[in-house]
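Engineer: Here is my input; please provide its structure:
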Amino acid sequence: MKLLVITQKYNINDSNLGAFVGWWEKLAERMEKVYVLALEKRSEPIRSNIEVISMGKEKGAGFFGKFFGFYRGLLKTIGKADAILVHMIPKYVILTVPIALIFRKPIYMWYTGVAAQKQLKFSVLFCRKVFTAHDAAMRVNTPKRVVMGHGIDVSKFSIFNFQFPISEITILSVGRITPSKGHDLIIKAVADLIKSGYKLRLKIIGDVVQSHHYKYFEFLKTSANNLGIEKQIEFCGSVRHDEMPNYFKDAQVLINAVPFGGLDKVVLEAMASGIVPLTSNNAFLSVFPKDIASQFVFKENNLEDLKNKLKNILDKKLYLDETLANQLRDIVVKNHNIDNLINRIINEMSQ
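Structural biologist: Residues are numbered from 1 along each chain as shown. Got it, this is the predicted structure:
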């Protein structure tokens, strides 16, 4: 089978989309050829049967340049491919449809998000199937939706060692610097617990992606200073995805203060690494073990509930519970590992 993937970025070093380069490599292991049409190309594929075509963003292409780059790349590859897989961007489905109809190529889409926008609903009309990680991650009610879990490389994200003594608990908050990631709420919660006597360190991993969020970044730093915990907070900036296992290795808790919706893969990566997750995305209530799930989900934008749930984790030293760590990891290995996901995608496209 030959597949055309249409995506935003091909960059193994990207802190967010770098993980998906591994997806395309896994697909290429099981296919004759994988063409990747990317808005931006900043790294080269390691497999000879992957061909990456850029729309030109990394070369400074403007709107029309990227538009023509899209159709130039599409026309170059669509005749050679058996199917098209659009990754995350409904607009790419809509742009692809006229050419796909002419060439009679089926369109599939992978989508995880927090809202059912009009563009998503419209794009679904033209897809043969829409793959997603969870019901809440693709909220268009359609028989085309196929829920198949996420794709975590469980060989890279693995449990480290519980035997080392811990004098200070390291908490991670991972995500681009934007209000929707709730970094400010986490800073307040950690500050309150430090004042109560807990020995904590917070590492915020993520960078400013949109220029108007620099004000929010300055607000976060000012908040840390005003709360008197600037020495206990580290702004790590953007971290390559393949370096994230090193951060999980040295951490005990991950806090994910995002709204209900798509399963954030960083929570699953933390689970695979033996890190205790704490999230405000209550879609994870159906992911965590049922008997303890409520301990790891706090009410959205609720500081007191976040602090209470975090105190419970710290007071019970759940980060030292090897049984819990293995239980959480097993969920990811069984339901969200990349090999199973790739096999399911290929099987669904072969039907």
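
Engineer: shaky segments in the stretch 101-250 of the chain?
Structural biologist: 116, 161-165 (pLDDT under 70).

Engineer: let's see it at 50
Structural biologist: Scanning the stretch 101-250 of the chain for pLDDT under 50 picks out no residues.

Engineer: so where do the helices sit in it?
Structural biologist: For the stretch 101-250 of the chain, the helices defined by DSSP state H, counting those that start in this stretch cover 118-124, 183-195, 214-226, 244-249.

Engineer: Now do the residue nearest to residue 81 when sequence neighbours are not counted against residue 319, distance only.
Structural biologist: The shortest distance from residue 81 to any non-neighbouring residue, by CB to CB, 6 or more residues apart in numbering, is to residue 4 (3.9 Å). No exception for glycine: its C-beta is placed from N, CA and C like everyone else's. Note on residue 4: its distance to residue 319, by CB to CB, to the nearest Å, is 44 Å.

Engineer: The two - which one has more neighbours?
Structural biologist: residue 4 (28 against 20; other CB atoms under 10 Å).

Engineer: The more buried one and residue 75 touch, don't they?
Structural biologist: No. Using CB atoms under 8 Å, residue 4 makes no contact with residue 75, being 11.2 Å away.

Engineer: With residue 327 as the reference, measure out to the most far-flung residue of the chain relative to its centre.
Structural biologist: Within the chain, the residue lying farthest from the chain centre (CA atoms, centre = their mean) is residue 102, at 33.8 Å. Using CB to CB, residue 102 is found at 51 Å from residue 327.

Engineer: Check residue 160 too.
Structural biologist: According to CB to CB, residue 160 and residue 327 sit 16 Å apart.

Engineer: just residue 296 next, same as before
Structural biologist: For residue 296 relative to residue 327 (CB to CB), the value is 12 Å.

Engineer: Equivalent analysis for residue 247, please.
Structural biologist: For residue 247 relative to residue 327 (CB to CB), the value is 22 Å.

Engineer: Compare the two and say which one has the larger neighbour count.
Structural biologist: residue 247 (19 against 14).

Engineer: got the contact list for that one?
Structural biologist: Taking CB atoms under 8 Å, 6 or more residues apart in numbering, we find residue 247 in contact with 172, 203, 205, 236, 239.

Engineer: if you look at these, which of them are in strands?
Structural biologist: When the contacts of residue 247 are checked against strands (DSSP state E), the matches are 172, 203, 205, 236.

Engineer: Domain boundaries for this structure, per the record?
Structural biologist: According to automatic domain parsing, the chain comprises the domains 2-151+337-350, 169-334.

Engineer: before we move on, the earlier item: biggest separation within the ones in strands among the contacts of residue 247, which pair?
Structural biologist: Farthest apart among the ones in strands among the contacts of residue 247 by CB to CB are 172 and 236. That separation is 9.0 Å.

Engineer: Residue 85 looks like it's in a helix, true?
Structural biologist: No. If the criterion is DSSP: H, G, I helix; E, B strand; the rest coil, then residue 85 is strand and not within a helix.

Engineer: Can you give me the distance of the most centrally placed residue in the chain to residue 271?
Structural biologist: Nearest residue to the geometric centre of the chain (CA atoms, centre = their mean): residue 265, 3.8 Å. Computed as CB to CB, the residue 265 to residue 271 distance reads 10 Å.

Engineer: ok, and which of the helices of the stretch 101-250 of the chain has the densest surroundings?
Structural biologist: helix 183-195 (a mean of 21; mean count of other CB atoms under 10 Å).

Engineer: tilt between that helix and helix 214-226?
Structural biologist: Using axes from the mean of the first three to the mean of the last three CA atoms, to 10 degrees, the direction of helix 183-195 lies 10 degrees away from that of helix 214-226.

Engineer: With only the CA atoms kept, save helix 183-195 in CSV.
Structural biologist: C-alpha atoms of helix 183-195 as CSV (Å, rounded to 0.1, in the frame of the first residue of the first chain):
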residue,chain,number,x,y,z
HIS,A,183,0.0,27.1,33.8
ASP,A,184,-1.1,30.0,36.0
LEU,A,185,-3.4,27.8,38.0
ILE,A,186,-0.7,25.3,38.5
ILE,A,187,1.7,28.0,39.7
LYS,A,188,-0.8,29.1,42.3
ALA,A,189,-1.5,25.6,43.6
VAL,A,190,2.2,24.8,43.9
ALA,A,191,2.9,28.1,45.6
ASP,A,192,0.2,27.5,48.2
LEU,A,193,1.5,24.0,49.0
ILE,A,194,5.1,25.2,49.2
LYS,A,195,3.9,27.8,51.8
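
Engineer: Nothing else from me, thank you.
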